[in-house]
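>>> Give me a model of this one.
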Amino acid sequence: MVGSIFLMVLFLPIGILVACAIVLDSPGPVFADTPERVGKDGKPFKLYKFRSMIVNAHTKLRTDPTLRSLYQEYKRNSYKLHDDPRVTRVGHFIRRHSLDELPQFLNVLQGDMSLVGPRPYYSDELVEQQRKYPHTKDLVKIVLSARPGITGHWQVSGRSEVNFDKRIKLDADYVQKKSLLLDLMIMFKSPWAMISGKGAV
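This is a model prediction of the structure:
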């Protein structure tokens, strides 16, 4: 929590610039209107993110008939799209450099997240991906025993270039081996992952 407060103050000027850019770029709120994520012990929570897509993008992808083929591609690619038409101009930049994640310091202060931990998943994503990769069910249980993090082993190990089965294995390995030294190593690698944008979509 102390680290989160320090980083909130440090990134506040960047956060203000991002918020202004979002307002000027496209109509809609500053924060994303995404559904709840799955937290520790399977508890759902509201994850705060800067909006990088059009309004109601999550629901439209799942319900709009014109986006049916896009949704099938989304599920095939482990819930990632490399050419997502819903992403705004500002959204492309802030997603590439993980600036959309800055509001999650608030999630840390609320106790729903940690600075370092496994990636927080959507509930339908977990259900669908465990159906696709049935051998990951035990790994998912391990991952959900810990608080999700703003950054983590997956984020500094290829991000969206890593499929679900490999990603959940990375997260489970982190939970089983987690230590202060490992957290510091991940935090040390995180700024480069943000700056380079490697593996981000």
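
>>> for residue 115, helix, strand, or coil?
Taking DSSP: H, G, I helix; E, B strand; the rest coil as the rule, one finds residue 115 in the strand state.

>>> What residues does it make contact with?
Listed by C-beta atoms under 8 Å, 6 or more residues apart in numbering, the contact partners of residue 115 are 3, 4, 7, 108, 149, 150, 151, 183, 187. In short, each C-beta sits where N, CA and C put it, glycine included.

>>> what does residue 42 give?
Residue 42 makes contact with residue 144, according to C-beta under 8 Å, 6+ apart.

>>> Quickly note the distance from it to residue 8.
According to C-beta to C-beta, to the nearest Å, residue 42 stands 28 Å off from residue 8.

>>> can you give me the strands in this structure?
37-38, 44-45, 114-116, 121-122, 149-151 (DSSP state E).

>>> Of these, which is nearest residue 56?
Closest approach to residue 56 among these (C-beta to C-beta): strand 121-122, 15.3 Å.

>>> Summarise which helices and strands the closest one is packed against.
Here strand 121-122 touches strand 37-38, going by 3 or more C-beta pairs under 8 Å, 6 or more residues apart in numbering; DSSP states H and E.

>>> quick one: contacts of the strand it packs on?
The contact list for strand 37-38 (C-beta under 8 Å, 6+ apart) reads 44, 45, 46, 47, 120, 121, 122, 123, 126, 144, 148.

>>> Quick one, grab the pLDDT at residue 198.
At residue 198, the pLDDT value in this model is 59.

>>> actually residue 161, sorry about that
62.

>>> cool, and residue 165?
pLDDT, read off for residue 165, is 88.

>>> I'd like to know how many residues surround it.
For residue 165, the count of nearby residues is 15 (other C-beta atoms under 10 Å).
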